[in-house]
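# no sequence for this one, just the structure:
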């Protein structure tokens, strides 16, 4: 199963976003996205909701995953 950071990275790449573009879309620093993807920080609730809306997945999926979705 993927980690939270791996899921964020996979969702970002599958949606065609660069780290820079995702940071701009969420109005966060580039290093914030980098830290999420390296699992050194988790997104705050407001950013978690933005991520889930942007990528069309639940906040729960981003945090906890789903083996059926992770394999896609």
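Received it, and whenever you're ready, just let me know what you need. What you see is a predicted model, and the numbers here were worked out from it, not measured in a lab.
# For this structure, which segments count as helices?
According to DSSP state H, the chain carries its helices in the segments 4-14, 19-26, 30-37, 45-55, 59-64, 67-70.
# CSV please, covering those helices and showing mean neighbour count and mean pLDDT.
All C-beta atoms are positioned from the backbone trio N, CA, C, and that covers glycine. Listed next are the helices of the chain as CSV, based on neighbours: other CB atoms under 10 Å; pLDDT from 0 to 100:
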stretch, mean neighbour count, mean pLDDT
helix 4-14, 18, 97
helix 19-26, 16, 98
helix 30-37, 18, 98
helix 45-55, 15, 98
helix 59-64, 15, 95
helix 67-70, 11, 64
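# Residues touching stretch 5-25, excluding its own?
With CB atoms under 8 Å, 6 or more residues apart in numbering as the test, stretch 5-25 has contacts from 2, 29-30, 32-34, 36-39, 43, 50-51, 54-55, 57, 61-62, 65, 70.
# Phi, psi for residue 2 please.
Per-residue torsions, residue 2: phi -80, psi 160 (degrees, to the nearest 10).
# Was I right to think it contacts residue 65?
Yes. Counting by CB atoms under 8 Å, residue 2 touches residue 65, with 5.7 Å between them.
# Any idea how far apart the tips of stretch 26-42 sit?
14 Å (CA to CA, to the nearest Å).
# now swap in stretch 13-23 and tell me
13 Å.
# what's the offset of that stretch from the middle of its chain?
10 Å (CA atoms, centre = their mean, to the nearest Å).
# how near is residue 22 to residue 1?
Residue 22 is 22 Å from residue 1, where distance means CB to CB, to the nearest Å.
# All good on my end, thank you.
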